[in-house]
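Colleague: Quick one, what's the 3D model for this:
(2 chains)
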Amino acid sequence: MNSTKQDLSEFDPLTVDKANTKDQQTTGQEKTTEKPTNKSSTIWEKYDRDEDEEPFYDFQLFIQQLRDPRAKPIVRYIKSFLHDFQTVRVLWTAEEQKKLINDFKLFIYDKFGVYKPFCELEGPRLRNAQEGLEKLIMGKLYSRCFSPCLKPLEQKLDEYHLHDLQDDRQLSLKAKEYRFISPQELDIPNLLSDKLNRLVELSGKELNKVNHFKAPRDKMICVLNSCKIIMAILTNNKLENGADSFIPLLIYTILKSTLSSLASNTRYIERFRFDAFFRGEALYYLNSLQAAISFIINIDESTFTIEDPNQFKQRYDQNQKKLVEEEEIAQKERQNKKIVDPPPSRSPNPSQFIFQPLDEAANTIKGKVNEFFFNTGPQQKPEEVHPTVASPPSVALYDDDSQDIDRLAQRLQETEQRNTLSTLKSMFPEMDPEIIEDVCIAKKYRVGATVDILLSL
Amino acid sequence: MLQFKLVLLGDSSVGKSSIVHRFVKDSFDEFRESTIGAAFLSQTIKIEDKGSQQEVVIKFEIWDTAGQERYKSLAPMYYRNANAALVVYDVTQQDSLAKAQGWVNELKTKVGEDDLVICLVGNKLDLCSGEEENSSKPKAVESSEAEGYASEQGLLFHEVSAKTGEGVRQVFQSIGEKLYESKKHELAASKGRHGVGETGNVQLQRPSTNDATSCCS
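Modeller: As a prediction, the model looks like this:
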C-alpha cells in the first residue's frame, strides 16, 4: 500500500493544495483557488448544479476513490499496466501505444462496474472516474508517448513519432519564415487590424499552454480556449461568416505566435483521448488546428494575396536577416549555458494545474527559481523575487521554500489575471468592466469559459 | 439522442454559413444551444418516425469549412466521418453551380461511402424574387438544371434564402429524415448497448480510421 501511495502521490493535487491553502491564509487570496474538500456530498451538490455549464471534472476526487481499500484491485491493474508498459519494451510504436492504452482504458472502464466505489457511480460521476484514469495513466506514460520527449531516441523511432517531430520542425520553420505576414495577405478583413495583434497574442498564449499539461483532456482545453478567443474576436467585429473568417485567423495566430511542438500535441490528443469523449466542438477545433498546421507546413509565396511583390520581397528578406541574427544570438546563449551546465528543471506535475488553468506564469517561475538554486549563489537573488535568502542553497531548499515559491507564483498568477482582464475588456469594449471582472472571478479566470459567458450576454 | 455530423461546403461568396445561422436562429428556443456566428454549431430537430409515427429527436453537429479557394485542400479533414454534406451554390452565379458539382464529385470519390447524404442547396433566392424590380437579379441557375443534376446524382435538392429563411428548415428536415431512415436498422441493432460515458446515446458517427491519412499530413 505504501508504494501505491507513492505511486499516486505524483498525481495527487492534495499535496499541492495543502501548500496553497496555507498560502491563501496568509495572503487572503481564497477566491482564485479552488479549495479542496473531503466532503464528497458537497462536491456532488456543487457539480450537479453546474453540470449543464461545465462537465464535472475533479481529479482529486478520483484519487480519493482510488484510495478506497475496496478499489485495491483497480489500483493493482493500473500499477501492473504501467509497469509492463514501461518495462516490456523501451519503445512502442505510436500505433501500438494507442492500441495498448485504449484497450487498457476499456478494460478498466469495464472493471469500474465491478468494484466499489466505482460501481456505485453513474452519469457525470462515472465519467469523472473515466477521465481521471485517462489523466493518471497519461501523466505516468507521458515521457514514452509524447513525441518531443522521445527526441533523444530519434534514430530508433517509428514513422509516426518521427513524423510528429519532423512536422514540429517544419511548422516552426515555416511559421518563422512567414511571421511578417499582414492580416490582409491572408484575406483577414481590415476592420480587425486595430487591436488584432494583442488579441492574437492572447489566443496564441492560450494555445501554447498545451505544453504545460500532460493529460489529453487538459491539452484539449487549451486548444478550445484559444479557438474561443478567436471566435470572440470575430463575433465582436460582427464577422459572423463562420469558418471563412475563423480558419484564416487561426492560421494567422499560429504564424504570429512562437509555439513549440504543436503538431506533436495535436497528434497526442488524437491518439490518447478516449474516443467516446472526443466529439463535438472540441473535435471540430482540434481538426481545424490540424488543418491549419498542415496548411502552414505547405505554405509558400503563392499562398498569399500579395499586392506589391517588391515590397513583399523586401519584407521577406528583412525577416530572413532577422532570423539569422536571432539564430546567432541563440547559439551564443546555448554556448554560455553549456559552461554553466544547468540540470534539467523539474518537470511540472500535471495535477498542480487542474484547478489553475492560468498557471503558466506560476509554472515558469517555479522552474526558474529551481534553476536559480542550482546555478547561482543567493547573493544574486533579486530581493523582491525571493525575500528569504538566509538558508544556504541546496537541493533540499526547493522543498523548504516551496511556500515562498508558491506565494511568488501566486503573485505572477495575479499579474496574468490582470492582463487577461484588461485584454477581455478591450475585446468587449461595450460591456461594463465590472461585469467582465465578475464573470472572470466566477469562472476562475478560465479564458474559454469566460469568453463563452461574455458572448452570450 | 441521435447525433449526426454535417459538413458545409461551398464557395465563400455563396452564403453557406448564413444558411446555418438562419437555421439555428429560427429554431425553437427550447433547443437553443449554440452561439450564433460560430464555425461549429449544433442544433436539435424533431422528425417523425414514418413507421411508428413517433417523434424522434436528432442532433446535428454542423462543421463549417473555409470556402476560399486557397483553403480548398483542407476540406478532407472536415468531411471525413461526416454523415451528411450540404453543398451550397448561389442561384445568381452560374459558375458557383460548377464549383458545387466539383465538391459533389470530390465527396463521391474521396468519402466513398454509400450512406453519406448529400444535399445540393441553391441560396440567395430572395435576390431574384422579382417583387422588387430594382434589387432583383436574374436567376443564373435554373431550378430545373440543378434539380436534374441532383436527381441524376442521387442528391437531395433545395432552393433557399438565408436572408428570408425561405426553405431553410426543410433542408435540415429532409436531411434528418433521410439519415434517420438509413440509420434506423443500425440503430435497432445497437439498442441496449451503451457507449462508454454516455447515457443511452447511440453514436452514429463513424469511428475515426487509424490509417496514416487520418492524421494531418
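Colleague: Wasn't A:Trp92 part of a strand?
Modeller: No: for A:Trp92, which was evaluated using DSSP: H, G, I helix; E, B strand; the rest coil, the result is coil, with no strand membership.
Colleague: Would you mind giving the secondary structure of B:Gln53?
Modeller: Bear in mind the rule, three-state DSSP; under it B:Gln53 is coil.
Colleague: separation between it and B:Met1?
Modeller: Distance of B:Gln53 to B:Met1, given as C-beta to C-beta, to the nearest Å: 19 Å. Where C-beta positions appear, they are placed from N, C-alpha and C, glycine not excepted.
Colleague: which of these two has more neighbours?
Modeller: B:Met1 (13 against 7; other C-beta atoms under 10 Å in any protein chain shown).
Colleague: is it true that the more buried one touches B:Lys46?
Modeller: No: in this structure B:Met1 lies outside contact range of B:Lys46 using C-beta atoms under 8 Å: 10.9 Å.
Colleague: joint contacts of those two?
Modeller: Jointly contacting B:Met1 and B:Lys46 under the rule C-beta atoms under 8 Å, 6 or more residues apart in numbering or on different chains are B:57-58.
Colleague: where in chain A is pLDDT low?
Modeller: Per-residue confidence of chain A (counting by pLDDT under 70) places the weak regions at A:1-55, A:191-194, A:240, A:338-406, A:408.
Colleague: So in it, which helix runs the longest?
Modeller: Looking only at chain A and at elements set by DSSP state H, the helix with the highest residue count is helix A:309-340.
Colleague: For that one, buried residues please.
Modeller: In terms of neighbour count (16 or more other C-beta atoms under 10 Å in any protein chain shown), helix A:309-340 has its buried residues at A:312, A:315, A:319.
Colleague: Let me see the contact set for the residue positioned nearest the centre of chain B.
Modeller: For chain B, the residue sitting closest to the mean C-alpha position, by C-alpha atoms, centre = their mean, is B:Leu86 at 3.2 Å. When contacts are counted by C-beta under 8 Å, 6+ apart, B:Leu86 touches B:6-10, B:16, B:19, B:119, B:121, B:171, B:175.
Colleague: let's see it at 6 Å
Modeller: B:8, B:119, B:121 (C-beta atoms under 6 Å, 6 or more residues apart in numbering or on different chains).
Colleague: Likewise for A:Glu206?
Modeller: A:222, A:225-226, A:447.
Colleague: May I ask which two of these are separated the most?
Modeller: The largest separation in those, counting by C-beta to C-beta, is between A:Cys222 and A:Val447 at 9.6 Å.
Colleague: if you count what's nearby, which of these two comes out ahead?
Modeller: Higher neighbour count among A:Cys222 and A:Val447: A:Val447, with 27 against 24, using other C-beta under 10 Å.
Colleague: hang on, that one packs against A:Asn225?
Modeller: Yes: contact criterion C-beta atoms under 6 Å: A:Val447 and A:Asn225 qualify, at 4.8 Å.
Colleague: In CSV, list the C-alpha atoms belonging to the longest helix along chain B.
Modeller: Of all segments of type helix in chain B, defined using DSSP H, the longest is helix B:168-190. Taking only C-alpha atoms (Å, rounded to 0.1, in the frame of the first residue of the first chain), the coordinates of helix B:168-190 have been written out as CSV:
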residue,chain,number,x,y,z
VAL,B,168,-34.1,26.7,-44.8
ARG,B,169,-35.8,24.5,-42.3
GLN,B,170,-36.9,22.0,-45.0
VAL,B,171,-33.3,21.4,-45.9
PHE,B,172,-32.4,20.1,-42.5
GLN,B,173,-35.7,18.4,-42.0
SER,B,174,-35.2,16.4,-45.2
ILE,B,175,-31.6,15.5,-44.4
GLY,B,176,-32.6,14.5,-40.9
GLU,B,177,-35.4,12.2,-42.3
LYS,B,178,-33.1,10.6,-44.8
LEU,B,179,-30.4,10.0,-42.3
TYR,B,180,-32.9,8.6,-39.9
GLU,B,181,-34.4,6.2,-42.4
SER,B,182,-31.0,4.9,-43.4
LYS,B,183,-29.7,4.5,-39.9
LYS,B,184,-32.8,3.1,-38.4
HIS,B,185,-31.8,-0.5,-38.8
GLU,B,186,-28.3,0.1,-37.5
LEU,B,187,-30.0,1.8,-34.5
ALA,B,188,-32.3,-1.1,-33.8
ALA,B,189,-29.3,-3.5,-33.9
SER,B,190,-27.3,-1.5,-31.4
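Colleague: Run a quick neighbour tally on A:Glu307.
Modeller: Summarising burial for A:Glu307: neighbours were counted as other C-beta under 10 Å, giving 10.
Colleague: ok, the nearest residue to it once chain neighbours are set aside to A:Asp300 distance?
Modeller: Spatial nearest neighbour of A:Glu307, excluding adjacent residues (C-beta to C-beta, 6 or more residues apart in numbering or on different chains): A:Gln184 at 7.7 Å. To A:Asp300, A:Gln184 is 18 Å away according to C-beta to C-beta.
Colleague: looking at this, A:Arg70 is in a strand?
Modeller: No: residue assignment for A:Arg70, taken from three-state DSSP, gives helix, which places it outside any strand.
Colleague: which SSE is the closest residue in space to it that isn't next to it in sequence in?
Modeller: Take A:Arg70 and drop its neighbours on the chain: the residue closest to it by C-beta to C-beta, 6+ apart is A:Lys116, 4.3 Å away. Using DSSP states H and E, A:Lys116 maps to neither a helix nor a strand.
Colleague: Show me where chain B has its helices.
Modeller: With DSSP H applied, chain B shows helices at B:16-26, B:75-79, B:94-110, B:143-153, B:168-190, listed in chain order.
Colleague: can you tell me the average pLDDT over the second one?
Modeller: If you average the pLDDT over helix B:75-79, you get 94.
Colleague: Repeat that for the fourth one.
Modeller: Averaged across helix B:143-153, pLDDT comes to 92.
Colleague: Now A:Ser426. Nearest residue, chain neighbours left out?
Modeller: Take A:Ser426 and drop its neighbours on the chain: the residue closest to it by C-beta to C-beta, 6+ apart is A:Lys195, 5.6 Å away.
Colleague: what do you get for A:Leu186?
Modeller: Nearest non-adjacent residue to A:Leu186 (C-beta to C-beta, 6+ apart): A:Pro248, at 4.6 Å.
Colleague: and the one you found, backbone torsions?
Modeller: Backbone torsions for A:Pro248, taken as degrees, to the nearest 10, come to phi -60, psi -40.
Colleague: Got the phi and psi for residue 83?
Modeller: No chain was given, so I picked chain A. For A:His83, the backbone dihedrals are phi -60, psi -50 (criterion: degrees, to the nearest 10).
Colleague: think we crossed wires, I meant chain B
Modeller: B:Asn83 adopts backbone torsions of phi -90, psi -30, taken as degrees, to the nearest 10.
Colleague: How many residues are close by whichever residue of the stretch 301-450 of chain A sits closest to chain B?
Modeller: Taking C-beta to the nearest C-beta as the measure, the point where the stretch 301-450 of chain A comes nearest chain B is A:Thr303, at 6.2 Å. A:Thr303 sits with 17 neighbouring residues when counted by other C-beta under 10 Å.
Colleague: distance of the closest residue to it other than its chain neighbours from A:Lys195?
Modeller: What sits nearest to A:Thr303 in space, not counting adjacent residues and going by C-beta to C-beta, 6+ apart, is B:Arg70, at 6.2 Å. As for B:Arg70, its distance to A:Lys195 is 25 Å (criterion: C-beta to C-beta).
Colleague: same question, A:Glu201
Modeller: 10 Å.
Colleague: before we move on, what about B:Ser17?
Modeller: Between B:Ser17 and A:Lys195 the distance is 24 Å, computed by C-beta to C-beta.
Colleague: ok, these two, which is more surrounded?
Modeller: Set side by side, B:Ser17 and A:Lys195 give different neighbour counts by other C-beta under 10 Å, the larger being at B:Ser17 (28 against 15).
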